[in-house]
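Chemist: Predicted structure and sequence below. I'll ask about it afterward.
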Amino acid sequence: MIKGNLKDKDISAALLELYTRGATGTLRLKRDNGLKSIFFQMGKPIFASSNLKEDRMGAMLYKKQLINKEQLEWAIEEIKKTGKKLGTVLVEEGIITPEQLVEIVIAQVEEIIISTFEWDSGEYFFSDDTPTQEDIITLEMSAAQIIVKGVKTRLPMQKIRKTLGSQRNILGFTRNPSYRFKEIELTREEEEILSYVNGKNSIHDIQEKSGTDEETCYRMLAALMLLKSIEVVGEQKVAPVEEPLSELSEMDEGEDLELELESSSSEDLITSLEEVVMEAPPEKPKHSAPKTVPPPKPHVSKRNPQDAKKFFEKGRALFQEGETELALNAFKRAIALDPTVYEYYTGLGLLYASKAEEDQEYEMQALDCFKKAVTLNPKESRNYYYIGVIFKNREEYEKARNYFKKALNLNPDFKQAEQQLRTLED
């Protein structure tokens, strides 16, 4: 018997299992007083019902402005008198057409199923009973199409990240023909993402090379992982961070990266990377007017320093406004246009560091960015300092001490580095 708890698995696992079994019957999902039923025929979901008010046809017709409040109230009274269904009453009265009825029923059924991807609690179980054919309008969507749409539009990002695992995971397509779903329609952007799934690229690489935003990329990859169409084939090794040289001639520091964040303490960003993590600007509410920054394009072959600087400045402004995803795209675009400027990597590293509490993978990415910045400009003290703070947070105190010392060798007046070093030596 197929049954489970939605705390442990999302609904995609049950949908895929029923598909592969070619099952016929009813999958019921129960959460508190809510009950949703999905009817299957030979592994294909064909209909669904729900006892929740928001899933009722009347609510959907009203939401889509196909009927008004007075018409809905009148129809409800007619149902009580005649015992007919809502759709039948509305069609007979000429309020909606038969074609509109079919469209709204299909949309209702799809919404009942797709909305279950948002459930993070409750139970599900499958039984062999099915509705009679005369009671239903068949949904023309496969289980695979439903899973892809549900993951792309409803599954919480926390579950998306859990599905993908480490960003260093290398992905490849399955060799099992049972999990190759030809009916899935892809956008050009999604085709671009999947073109980098080749058994060599990590999740991080795929997102970087495809030039798509993180959420779009992760949702598409998670959908196909849940369908078992792609799988983890290995893990990308992380290159060790080289220890700084003990002796380097002192030179004037390069131009300051004036990237400051608004915080309650009003202290300069450079005081500590810990403050960057703790005092990152708040995310903008979802209802805010959207801003657009083109994502980084793959395979950039020509440097364009002027445009790169514009994207970097845009990224700084967006970061300060709390638009972290747009800022991320802007910083990446700057690097793609001119990968020789250390400041661009420092800015991107600080942004990743501000997201480190969400996912430790961001800390790894921040470390990679600061390491790249050091390679481009080994005489800039702050990137050594930022690396030192990361190692301190990891409790790798000897490495942290070396990097703070390096920062002080390059800039003896670096008070924050001196304070961090003192805390380690006390």
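Modeler: Structure's in. What do you need?
Chemist: Can you show me the strands along the stretch 51-200 of the chain?
Modeler: 123-127, 169-173 (DSSP state E, counting those that start in this stretch).
Chemist: which of those strands is buried the deepest?
Modeler: strand 169-173 (a mean of 19; mean count of other Cβ atoms under 10 Å). From N, CA and C alone the C-beta is placed, and that goes for glycine too.
Chemist: From the contact counts, what lies against that strand?
Modeler: If you count contacts as 3 or more Cβ pairs under 8 Å, 6 or more residues apart in numbering; DSSP states H and E, strand 169-173 packs onto helix 203-210, strand 230-235.
Chemist: Any figure for the gap between the residue nearest to L376 when sequence neighbours are not counted and A334?
Modeler: Leaving aside its sequence neighbours, L376 sits nearest to Y342 (Cβ to Cβ, 6 or more residues apart in numbering; 3.8 Å). Distance of Y342 to A334, given as Cβ to Cβ, to the nearest Å: 12 Å.
Chemist: neighbour-wise, which of these two wins?
Modeler: A334 (29 against 22; other Cβ atoms under 10 Å).
Chemist: contacting residues around that one?
Modeler: By Cβ atoms under 8 Å, 6 or more residues apart in numbering, the contact set of A334 is 308-309, 311-312, 315, 341, 344, 347.
Chemist: switch the cut-off to 6 Å
Modeler: 308, 311-312, 344 (Cβ atoms under 6 Å, 6 or more residues apart in numbering).
Chemist: biggest separation within those residues, which pair?
Modeler: F311 and Y344 (8.5 Å; Cβ to Cβ).
Chemist: any weak-confidence spans in the stretch 301-426 of the chain?
Modeler: 301-303, 426 (pLDDT under 70).
Chemist: Report the separation between G83 and E70.
Modeler: 22 Å.
Chemist: Distance-wise, check the residue nearest to L376 relative to F331.
Modeler: Y342 is 13 Å from F331, by Cβ to Cβ.
Chemist: For burial, what's the neighbour tally of L66?
Modeler: 18.
Chemist: And it, how close does it get to E92?
Modeler: 15 Å.
Chemist: same check, this time on Q100
Modeler: 13 Å.
Chemist: what's the pLDDT at G58?
Modeler: G58 is assigned a predicted lDDT (pLDDT) of 86.
Chemist: and it, how many neighbours does it have?
Modeler: Neighbours around G58, by other Cβ under 10 Å: 18.
Chemist: The one 10 residues further on now?
Modeler: Around N68 there are 12 other residues, counting by other Cβ under 10 Å.
Chemist: I'd guessed M57 sits against T88; true?
Modeler: No. The pair M57 / T88 is not scored as a contact, 11.0 Å apart, by Cβ atoms under 6 Å.
Chemist: Please identify which of those two sits among more neighbours.
Modeler: The residue with more neighbours, out of M57 and T88, is M57; 18 against 14, by other Cβ under 10 Å.
Chemist: still on that earlier bit, of F311 and Y344, which one has the most company?
Modeler: Shown here are F311 and Y344; by other Cβ under 10 Å, Y344 has more neighbours (29 against 24).
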